[in-house]
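Q: Quick check, what structure comes out for this input:
(one chain, ligands or ions: 1)
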Amino acid sequence: MKTTRRNFLKLSAVAAASLPATSLMASTKTANKPIVISTWNFGMQANEEAWKILIANGRALDAVEAGARVPESDPKETSVGLGGLPDRDGHVTLDACIMDENGNIGSVAGLEHIVHPVSVARKVMEKTPHVMLVGEGALQFALANGFKKEKLLTKESEQAWKNWLKEGKYKPIANIENHDTIGILALDTKGNLSGACTTSGMAYKMHGRVGDSPIIGAGLYVDNEVGAATSTGVGEEVIRIVGCHLVVELMRQGNLPEQACKLAVERIIQKNPAKAKEVQVGFLALNKSGEYGAFCLQKGFSYAVHSDSINQLFDSSSIY
Ligand code: ASP
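A: Predicted coordinates for the structure are as follows:
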């Protein structure tokens with residue numbers, strides 16, 4: 001059955017009636033469209049760029065791409081784009097994806113030497129019959145489409161990697177320094193949703209490792225009838241439950257965004273209880289009505305929100 005706005009509201013009302021009053025209040029944050037929300041502290045700057053497009057009646061797709069490009073080109077952000085921490089062999093390998101209101105998708109994984117993987121993902125979406133390019137093929141495609149080959153490993157990231165090598169223990173890190181993958185979701189003035197996600201992945205991962213971030217359904221999902229979701233944290237756990245598709249489907253069933261994120265986090269615990277205690281995963285979601293929310297495993301995940309009434313960083317609720 002097609003979820004019309006009427007159905008959607010009806011479903012929300014059914015779900016609301018079955019929730020305790022306190023959890024309902026905690027779950028409901030609403031803003032008029034347009035609105036943009038994104039993961040971690042660096043979401044504040046990303047949202048500023050996205051907002052310029054949204055407030056000029058631009059498309060959510062353009063807004064999320066512009067927002068994601070901000071931490072990608074910031075050499076001080078060590079978990080995205082330029083300056084990203086390398087894999088255990090010293091390669092900076094980037095993952096990104098993008099999804100629009102029509103269900104169009106594009107993705108790159110293990111891309112080296114290109115500062116803006118999110119824009120390469122958009123080109124994959126718009127210029128190829130495929131949805132995902134990886135490694136050398138993704139690089140060739142980027143170069144053929146005018147992207148410049150650059151050195152992404154900064155002195156600081158190289159030094160951090162060399163320090164890590166001294167211990168030589170294989171323990172990739174997520175949730176470092178309070179920021180990681182940027183996932184960004186927007187609802188434009190026309191009421192259309194889009195999302196993007198970009199990361200250098202887990203620091204010191206095995207060469208060739210791909211996390212959730214470039215995988216549509218895992219690190220990002222958009223359904224223009226319902227809502228959008230993105231994730232951050234240990235990608236292996238998110239892929240296992242196809243996290244963001246799950247969050248969107250939970251919203252379709254009538255759950256508000258925070259509740260949908262919480263249920264997905266609980267699914268991670270249910271599938272892998274021992275691991276869930278040790279790692280971070282956070283989900284962020286926005287529905288078609290401009291309601292938004294987040295939930296994570298461990299304390300420490302923050303998200304940024306920009307609408308006409310708010311430009312603020314929130315702490316996500318957590319299980320532990
Ligand atoms: N989700 C990303 C990955 O697994 C990393 C992160 O957000 O910390 O590659």
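
Q: Let's see the pLDDT reported for the residue most central in space within the chain.
A: Geometric centre of the chain, nearest residue: Gly183, 2.3 Å, by CA atoms, centre = their mean. pLDDT, Gly183: 98.

Q: isn't there a helix covering it?
A: No: in this structure, Gly183 is strand, not part of a helix, as judged by DSSP: H, G, I helix; E, B strand; the rest coil.

Q: Excluding sequence neighbours, find me the nearest residue to it.
A: Thr230 (2.7 Å; CB to CB, 6 or more residues apart in numbering). Every C-beta, even on glycine, is put in place using the N, C-alpha and C of the backbone.

Q: For that neighbour, name its beta-bridge partners.
A: Bridge pairing for Thr230 (DSSP bridges) gives the partners Leu220, Leu284.

Q: In the chain, spot the helix with the most residues.
A: In the chain, with assignment by DSSP state H, the single longest helix is helix 257-271.

Q: Give the other helices and strands that that helix contacts.
A: Helices and strands touching helix 257-271, by 3 or more CB pairs under 8 Å, 6 or more residues apart in numbering; DSSP states H and E, are helix 21-27, strand 227-233, helix 235-240, helix 243-252, strand 281-287, strand 292-296.

Q: Test my guess that Gly191 contacts Lys33.
A: Yes: counting by CB atoms under 8 Å, Gly191 touches Lys33, with 6.2 Å between them.

Q: just the helices in the stretch 1-150 of the chain please.
A: 5-17, 21-27, 43-55, 60-72, 117-127, 135-144 (DSSP state H, counting those that start in this stretch).

Q: Kindly reformat those helices as CSV and extend each row with distance to Thr198.
A: Below are the helices of the stretch 1-150 of the chain laid out as CSV (distance: least, CB to CB, whole Å):
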stretch, distance to Thr198
helix 5-17, 29
helix 21-27, 27
helix 43-55, 10
helix 60-72, 5
helix 117-127, 5
helix 135-144, 13
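
Q: right, so these: which one is the most enclosed?
A: Neighbour counts (mean count of other CB atoms under 10 Å) averaged over each of the helices of the stretch 1-150 of the chain peak at helix 60-72, with a mean of 28.

Q: Could you see whether the ligand lies near that helix?
A: No: for helix 60-72, no contact with the ligand is found by CB under 6 Å from any ligand atom; the gap never falls below 11.9 Å.

Q: average pLDDT for that helix?
A: Mean predicted lDDT for helix 60-72 stands at 98.

Q: Using PDB, write down the CA coordinates of stretch 264-278.
A: Output of stretch 264-278 as PDB, limited to C-alpha atoms (Å, rounded to 0.1, in the frame of the first residue of the first chain):
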ATOM      1  CA  ALA A 264      17.600  -0.100  15.400                       C
ATOM      2  CA  VAL A 265      20.200   0.300  18.100                       C
ATOM      3  CA  GLU A 266      18.400  -2.400  20.200                       C
ATOM      4  CA  ARG A 267      18.500  -4.700  17.200                       C
ATOM      5  CA  ILE A 268      22.300  -4.300  17.100                       C
ATOM      6  CA  ILE A 269      22.400  -5.400  20.800                       C
ATOM      7  CA  GLN A 270      20.000  -8.300  20.100                       C
ATOM      8  CA  LYS A 271      22.200  -9.600  17.200                       C
ATOM      9  CA  ASN A 272      25.600  -9.200  18.900                       C
ATOM     10  CA  PRO A 273      25.200  -8.400  22.600                       C
ATOM     11  CA  ALA A 274      28.900  -8.800  23.600                       C
ATOM     12  CA  LYS A 275      30.200  -6.600  20.800                       C
ATOM     13  CA  ALA A 276      27.500  -3.900  21.400                       C
ATOM     14  CA  LYS A 277      28.800  -3.200  24.800                       C
ATOM     15  CA  GLU A 278      32.200  -2.300  23.400                       C
END
